[in-house]
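Enquirer: Sequence plus the predicted model coming up.
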Amino acid sequence: MRCFYRAWPPGYVAHEMSLPQSEFWLAFDGDNEIGYLHFWVVADQASLLSMAVVPELQRRGFGRALMAFLETRLADLGCSELQLEVRVGNAAARSLYGELAFVEVGRRTGYYSDTGEDAVLMSKALDSGSTAE
């Protein structure tokens, strides 16, 4: 996918897909990939590892739709919490997550190895009856 400027290392997706806790979901418009989700579920805890929408379709509601799908999927799996890390400088993503009731619960200093940028740790309590707005 063309969502990030750095490609995943060879074999990364295949390895992740072999793990029982890992799920990848692709979003399509016809034959065109428009975004994806990658998350882990361990017991009743979920971690969103990566979510992206192709650049030309960003800020059109597709990220919000992916997050709504994710929350529905996690409710089906019985998850009670979803956590994620986001670059401190990614104002658009942080705004979206805030609108979806995520709260900032910490910071990981120098988390991103490519830039040394900090990550903001965000969390949201889930219940089996709710989905993203």
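Expert: Done, it's in. Numbers count the residues shown, from 1 in each chain.
Enquirer: Of all the strand elements in this structure, which one is longest?
Expert: Secondary structure of the chain per DSSP state E: the longest strand is strand 32-42.
Enquirer: moving C-terminal of that one, what's the next helix or strand?
Expert: strand 45-53 (DSSP states H and E).
Enquirer: For that next one, buried residues please.
Expert: Within strand 45-53, the residues scored as buried using 16 or more other C-beta atoms under 10 Å are Gln45, Ala46, Ser47, Leu48, Met51, Ala52, Val53. In short, each C-beta sits where N, CA and C put it, glycine included.
Enquirer: Name whatever forms a beta bridge with the third one.
Expert: For Ser47, the beta-bridge partners under DSSP bridges are Trp40, Gln83.
Enquirer: got the residue ranges for the strands in this protein?
Expert: Going by DSSP E, the chain shows strands at 22-29, 32-42, 45-53, 81-87, 103-108, 119-125.
Enquirer: follow-up on the earlier one: what angle do strand 22-29 and the longest strand of the chain make with each other?
Expert: 160 degrees (axes from the mean of the first three to the mean of the last three C-alpha atoms, to 10 degrees).
Enquirer: Using CSV, list the CA coordinates for stretch 40-47.
Expert: Extracted C-alpha coordinates of stretch 40-47, given in CSV (Å, rounded to 0.1, in the frame of the first residue of the first chain):
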residue,chain,number,x,y,z
TRP,A,40,-3.3,-7.4,17.9
VAL,A,41,-5.7,-8.9,20.4
VAL,A,42,-4.4,-10.6,23.5
ALA,A,43,-7.0,-11.8,26.0
ASP,A,44,-9.5,-8.8,26.1
GLN,A,45,-6.9,-6.1,25.2
ALA,A,46,-6.4,-4.8,21.7
SER,A,47,-3.5,-2.8,20.3
